[in-house]
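Q: Give me a model of this one.
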Amino acid sequence: MRIYSLKVRDDAKKDPGCAVVKLSGLELIALNNILSKTAKEAKCDSDLLAGMVCVTHTANALVQHGCFDRFDLNKLEEKLINGGNVNANSAED
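A: Sure thing, here's the model as predicted:
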C-alpha cells in the first residue's frame, strides 16, 4: 500500500480530509474481505460502511477479472438494495 497524498481534517472548516492510496491486487482483496466481514458483524446499520463495501467489491471484481460476472453483479445489487442495512442477508453471504 502506498499513500500518495493526504489532506488533514479541518473541523473549523468542516472539511473531513482525505487520502489517495494505491493498493496492490492482494491488498485490495484483503481490504474487501475485511470490510465485508466487518459489515456482516456490524451491530448497527452504516451507510458509510455499506458504501465502502460496494466500492471495494467493485474495484476487486474489476482488478481480478477485468469485468463483472453474474456473481459480482448479483452481490453488488444485493449490497445496493440493502443500503445501510448490511446485516439484511448476512446468513446468505
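Q: So which residues of this protein form helices?
A: 25-41, 47-65, 70-82 (DSSP state H).
Q: Report the inter-axis angle for the first one versus helix 47-65.
A: Orientation check (axes from the mean of the first three to the mean of the last three CA atoms, to 10 degrees): helix 25-41 against helix 47-65 gives 140 degrees.
Q: Now do helix 25-41: which elements does it pack against?
A: Under the contact criterion of 3 or more CB pairs under 8 Å, 6 or more residues apart in numbering; DSSP states H and E, helix 25-41 touches helix 47-65. (Each C-beta comes from the backbone N, C-alpha and C, glycine too.)
Q: Same question for the helix it packs on: list its buried residues.
A: Residues of helix 47-65 classed as buried by neighbour count (16 or more other CB atoms under 10 Å): Leu49, Ala50, Met52, Val53, Cys54, Thr56, His57, Thr58, Ala59, Asn60, Ala61.
Q: could I get the residues you listed as a markdown table with distance to Leu76 and pLDDT?
A: Output for these, formatted as a markdown table (distance: CB to CB, whole Å; pLDDT from 0 to 100):
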| residue | distance to Leu76 | pLDDT |
| --- | --- | --- |
| Leu49 | 15 | 87 |
| Ala50 | 11 | 83 |
| Met52 | 13 | 89 |
| Val53 | 10 | 86 |
| Cys54 | 6 | 86 |
| Thr56 | 11 | 90 |
| His57 | 6 | 87 |
| Thr58 | 6 | 88 |
| Ala59 | 11 | 90 |
| Asn60 | 11 | 88 |
| Ala61 | 8 | 88 |
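Q: Select, out of the helices of the chain, the one closest to Lys13.
A: Set against Lys13 and scored by CB to CB, these come closest in helix 47-65, at 20.4 Å.
Q: gap between that closest one and the chain center?
A: 4 Å (CA atoms, centre = their mean, to the nearest Å).
Q: Could I get the CA-only coordinates of that helix as PDB?
A: What follows is helix 47-65, C-alpha atoms only, in PDB (Å, rounded to 0.1, in the frame of the first residue of the first chain):
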ATOM      1  CA  ASP A  47     -24.400   3.800   5.100                       C
ATOM      2  CA  LEU A  48     -20.700   4.600   5.100                       C
ATOM      3  CA  LEU A  49     -19.700   1.000   5.700                       C
ATOM      4  CA  ALA A  50     -22.100  -0.300   3.100                       C
ATOM      5  CA  GLY A  51     -20.800   2.200   0.600                       C
ATOM      6  CA  MET A  52     -17.200   1.200   1.300                       C
ATOM      7  CA  VAL A  53     -18.100  -2.500   0.800                       C
ATOM      8  CA  CYS A  54     -19.700  -1.700  -2.500                       C
ATOM      9  CA  VAL A  55     -16.800   0.300  -3.800                       C
ATOM     10  CA  THR A  56     -14.100  -2.200  -2.700                       C
ATOM     11  CA  HIS A  57     -16.200  -5.100  -4.100                       C
ATOM     12  CA  THR A  58     -16.500  -3.300  -7.400                       C
ATOM     13  CA  ALA A  59     -12.800  -2.500  -7.500                       C
ATOM     14  CA  ASN A  60     -11.900  -6.000  -6.500                       C
ATOM     15  CA  ALA A  61     -14.000  -7.600  -9.300                       C
ATOM     16  CA  LEU A  62     -12.500  -5.300 -11.900                       C
ATOM     17  CA  VAL A  63      -8.900  -5.800 -10.800                       C
ATOM     18  CA  GLN A  64      -9.300  -9.600 -10.600                       C
ATOM     19  CA  HIS A  65     -11.500 -10.300 -13.700                       C
END
